[in-house]
Each structure stands twice: as structure tokens, then as C-alpha cells.
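1. I'll drop the sequence and a predicted model, then ask my questions.
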Amino acid sequence: MSKKAILALMIAILIPLISYVLLKASSDNAVVMPRKYLLDSVTSIVKNGKQVEDSIWHITSNIHLVNQLGDSVSLYDKKGKIIVMNFFFTSCRSICPRLTNNMVKLQQSFIKGGEVRNKIDTSIVQFISVSIDPERDSFPVLKNYADRFNVNPDNYWLLTGSKDSIYRFAFEQLKVDQFSVEPINPDFIHTSRMVLIDRNMVVRGYYDGLNTDSTALPQLARDIGLLMLEKDKTKKSELFLEIIDLKWLWAIVVLIVAVFVIIFYFNKDK
């Protein structure tokens, strides 16, 4: 094969790949991702020979509690999953039943289709409701409460444990008092906020968990979907694997064949 033929073949391969990368980059930039909350600090780093500011976002610390099945669990048991969390207590007769009901609706909205229809996709999102009255909300009480609302324990935990640990977690790690519309009593966390935490344990949103007719819960569902598609920047790039996608493979093959045909007739004429 001549040098011209090799050059033409390389161009035929590179053009669709470069076009795909540019198209994908522009489409990624067009999506507004959920913003990050709880900034820890801002530091200066050198990037491409220039000194720029880099934001250090707060990473939610681990907490060890007991779920409605009596299992000892921790938040980091679900590391790598998207988490939706709220706070409640089983004897509540005001906002908590509505919060739980809406959380169950969210859980049911993330059901797989196809061959595994009616099975919860536990690899995507974990729902968590933490009792703010753990002294009375033992795990059997949580189990009865969960059964009333048809909670699927596969990816929805109702948690109890040390009150001090729960309250420190709510105030120090999630800052619910700063993002709640209701006044928060330091001795009793009663808030309608649902908190969205990404795969890296960074808070990505606070939502009104009460009104299904408002934009808050649909926005929460949409933001969960966006975080599902968000790349993990801590992992090595898999751009090459993304480029060689079956959806684009046919176009690449057609272009390569077309170039070979052109080269063949070009050489034939010579």
C-alpha cells in the first residue's frame, strides 16, 4: 500500500473519532449538573503552568447505625452509590408520613425494566431515613413502620442508633440546619429536606420532600439521573473505550470501506 493510501486510511479513521469526541464534549458541557455544596476550603494549585484556585468540597464522614432488619450498617457500606437521605421519627403525625411516602415513590421510580422487571436496581441509588428519636425507634419499631409503607429494604434503610452520633452527623456533616426552611431545634431535628449525596460522598442538593406537585421532587429524580451519568474523575479515563462504541462502529467501518474503494479505483486508473 502506498504512502498516500496509508495517509488516506488514517484520515478516514481519525475524522469520525475526532468528530465523536467533539460532539460528546459539547453535549456534556450543555448539561447543567447538580452543584456541589459544603465547601471546606479553597486552595491554590499549579495547572498548565498557571496558578489557579481549586475548591475542596466536604466529603461526608461515615456513620454506623442499625437498619430496620436489625443489621449493623454504615453509610460507607453504600460508597459508590448515589444516596438520598432524610430525617424522621415513627411517632410523628405531621410531615414524616408524607416524607416516607414520597421516599417510597422515589424508590419505586427507579425500577429496572426489561428482563428484570419489578426488581429494584440496587446498584444505582440508596434511600435512607434516619430516626431523630432513636431512643423510642428501635429496629423492630422501624420494621413495623417500614411495613406500613411497603418499604423495600433492598435499597431503602430506616436507621436508628446513638442519638449523639445522629445529631452530630446531621448538623456537622450535612448542615441540615443551614438548608432547612423550617426552624431547626438543636435538640430535635424536624425538617422536610431530602439530601442528595453523590458517589464520592459530596452533598449535591437539598430538596423539599413534602410536595409532589412542586418542582422539588421531579428535580431530585432528574438530578439522581444526572449523577448516574457523571464521570468519576478519580478513575483513569476510559475515553478510548467510550469512543469504540457499537453505535459508532458502523459509521467507522463504512468510512474505511469507502476510502478503500476510492484508493482502489485511484490506483487502478494509474
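-> Yep, that arrived.
2. Per-residue pLDDT of Ile18, please?
-> If you check Ile18, the pLDDT there is 63.
3. nope, Ile13 is what I was after
-> On the pLDDT scale, Ile13 gets 60.
4. is Ser41 in a bridge, and if so with what?
-> Ile56 (DSSP bridges).
5. Surely it touches Ile56?
-> Yes - assessed by Cβ atoms under 8 Å, Ser41 is found in contact with Ile56 at 4.7 Å. C-beta here means a position set from N, CA and C on the backbone, and glycine is covered the same way.
6. Which strand or helix spans Leu158?
-> Under the criterion of DSSP states H and E, Leu158 resides in strand 156-159.
7. any idea which helix or strand comes after that strand?
-> Scanning onward from strand 156-159 (DSSP H and E), the first element met is helix 163-168.
8. State the number of residues packed around Gln126.
-> 22 (other Cβ atoms under 10 Å).
9. go on, Ile59?
-> Ile59: 14 neighbours (other Cβ under 10 Å).
10. does it count as helix, strand or coil?
-> Secondary structure for Ile59, judged by DSSP: H, G, I helix; E, B strand; the rest coil, is coil.
11. In space, what's closest to it - neighbours in sequence excluded?
-> Met201 (4.9 Å; Cβ to Cβ, 6 or more residues apart in numbering).
12. OK, contacts around that neighbour?
-> Neighbouring residues of Met201 by Cβ atoms under 8 Å, 6 or more residues apart in numbering: Ile59, Thr60, Leu75, Tyr76, Lys79.
13. circling back: hmm, who's touching the strand holding Leu158?
-> 65-68, 73, 103-104, 107, 126-131, 142-143, 145-146, 151.
14. Can you mark which positions in it are buried?
-> Tyr156, Trp157, Leu158, Leu159 (16 or more other Cβ atoms under 10 Å).
15. of all the residues you listed, which two lie farthest apart?
-> Greatest spatial distance among the buried residues of strand 156-159 (Cβ to Cβ): Tyr156 and Leu159, at 10.5 Å.
16. can you pull out the strands in the stretch 151-270 of the chain?
-> 156-159, 193-197, 203-208 (DSSP state E, counting those that start in this stretch).
17. and the closest residue to Asp177 other than its chain neighbours, how many neighbours?
-> Nearest residue to Asp177, sequence neighbours excluded (Cβ to Cβ, 6+ apart): Ile184, at 4.2 Å. Neighbour count of Ile184, defined by other Cβ under 10 Å: 18.
18. need the contact list for Ile184.
-> Val176, Asp177, His190, Thr191 are the contacts of Ile184 under Cβ under 8 Å, 6+ apart.
19. quick one: which of these is nearest Arg93?
-> His190 (11.9 Å).
20. can you tell me how far that closest one sits from Gly70?
-> The spacing between His190 and Gly70, counted by Cβ to Cβ, to the nearest Å, is 26 Å.
21. go on, Pro97?
-> When Pro97 is compared with Gly70 (using Cβ to Cβ), they lie 23 Å apart.
22. likewise Ile111?
-> Distance from Ile111 to Gly70, by Cβ to Cβ: 26 Å.
23. can you give me the helices in the chain?
-> For the chain, helices defined by DSSP state H occupy the ranges 3-30, 96-109, 139-148, 163-168, 216-229, 239-243, 246-269.
24. now the angle from the fifth one to strand 203-208?
-> Here helix 216-229 points in a direction 160 degrees away from that of strand 203-208 (axes from the mean of the first three to the mean of the last three Cα atoms, to 10 degrees).
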